[in-house]
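Asker: need a 3D model of the sequence below.
(one chain, ligands or ions: 1)
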Amino acid sequence: MASTLLAGKTALVTGSTSGIGLGMARALAAEGANIVFNGFGDAAEIDKLQADVAREFQIKTAYHNADMSKPAEIEAMMAFAADKFGGVDVLVNNAGIQYVAKVEDFPVEKWDAIIAINLTSAFHTTRLALPGMRAKNWGRIINLASVHGLVGSEQKSAYVAAKHGLLGLTKVTALETATTGITVNAICPGWVLTPLVQKQVDARAAKDGLSNEDAKRALLADKQPSGEFVTPEELGAMAVFLCSDAARQVRGATWNMDGGWVAQ
Ligand code: NAD
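Answerer: Numbers count the residues shown, from 1 in each chain. Now for the predicted structure:
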């Protein structure tokens with residue numbers, strides 16, 4: 001049975017068909033929010049995922065397949081959420097992709113796609129969600145940035161630039177809503193073992209001739225002092241705190257959950 005912190009509210013989580021976004025959606029559903037899922041994946045699996053979350057937490061779910069690189073599709077998704085649930089109370093900008101290459105070798109179309117999905121999509125969802133939040137004088141916007149919003153990393157120019165930009169958007173939106181019941185914050189995870197990071201584990205295993213487990217340990221040893229992956233559930237708990245009344249003065253803040261990565 002769901003808790004009631006977010007009962008009667010609606011959360012839209014972009015890129016919630018897997019990984020961290022799914023963890024966020026489940027954590028918010030557990031607090032009673034209805035969930036609008038978004039992201040790519042097999043249609044039957046997404047139907048099942050929606051039905052499972054609705055049943056487990058006794059809430060309503062819906063799904064919109066907007067491609068977050070396409071502003072017209074984002075507008076359609078926000079209109080869908082308004083039609084279905086009367087708007088978005090909690091917006092989690094989570095959809096993200098990555099590509100690895102040196103700056104001089106970085107394909108221009110990959111740069112454009114990463115900036116569009118990881119940064120510009122959050123501008124669109126935010127500008128479209130804010131009028132409804134202002135009307136209710138309540139809202140929570142949570143932007144999934146990264147440790148790469150705070151520090152650089154070779155071969156990740158577009159990702160690092162997008163995540164630094166997302167922290168900038170977070171601060172400005174927080175200032176523009178500072179006297180309202182809307183808060184805007186960012187979460188910066190370190191390594192979380194999702195499909196996105198498994199690709200980097202695979203690349204490390206191939207490069208250094210390591211097993212899957214040794215490649216995971218090597219990734220963690222390089223950057224994450226705790227030696228453990230952060231989990232989507234732990235990040236979901238942080239999002240729930242940011243939605244609570246206790247966090248109403250947390251505005252424009254950057255919340256690291258990175259096993260100590262940026263403390264080094
Ligand atoms: P993931 O690959 O498991 O999930 C990404 C989600 O985004 C999926 O649901 C996918 O379908 C969706 N998506 C991708 N492109 C999309 C598009 N064009 N339109 C709509 N949806 C799209 O990745 P993840 O690791 O869960 O990452 C989620 C977020 O967390 C990303 O913004 C990522 O940068 C950030 N992050 C991840 C880590 C990590 O270690 N995994 C660390 C820091 C930050």
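
Asker: surely E233 meets A27?
Answerer: Yes. Between E233 and A27 there is a contact under Cβ atoms under 8 Å: 7.0 Å. Bear in mind the C-beta positions are built from the backbone N, C-alpha and C, glycine included.

Asker: give me the more crowded residue out of the two.
Answerer: Neighbours were counted for E233 and for A27 using other Cβ atoms under 10 Å; A27 has more, 25 against 13.

Asker: quick one: strands adjacent to the longest strand seen in the chain?
Answerer: Taking DSSP state E as the assignment, the strand of the chain that covers the most residues is strand 182-189. Strand 182-189 sits in its sheet next to strand 139-144 (parallel), strand 254-257 (parallel), going by DSSP bridges.

Asker: what's the following helix or strand after that strand?
Answerer: helix 195-208 (DSSP states H and E).

Asker: quick one: that next one to strand 182-189, angle?
Answerer: Calculated by axes from the mean of the first three to the mean of the last three Cα atoms, to 10 degrees, helix 195-208 forms an angle of 20 degrees with strand 182-189.

Asker: same for the next helix or strand after helix 195-208, what does it pack against?
Answerer: Following helix 195-208 in sequence order, the next helix or strand is helix 212-223 (DSSP H and E). Applying 3 or more Cβ pairs under 8 Å, 6 or more residues apart in numbering; DSSP states H and E, we find helix 212-223 packed against helix 195-208.

Asker: what's the helix it packs on packed up against?
Answerer: Secondary-structure packing of helix 195-208 (3+ Cβ pairs under 8 Å, 6+ apart): helix 212-223.

Asker: now do the buried residues in the very next helix or strand once past the helix it packs on.
Answerer: As assigned by DSSP H and E, the chain's next helix or strand after helix 212-223 is helix 232-243. For helix 232-243, a neighbour-count test (16 or more other Cβ atoms under 10 Å) marks P232, L235, G236, M238, A239, V240, L242, C243 as buried.

Asker: ok and the residue in the stretch 51-200 of the chain nearest the ligand?
Answerer: Residue nearest to the ligand within the stretch 51-200 of the chain: G96 (2.3 Å; Cβ to the nearest ligand atom).

Asker: what about that residue, distance to S69?
Answerer: As judged by Cβ to Cβ, to the nearest Å, G96 and S69 stand 11 Å apart.
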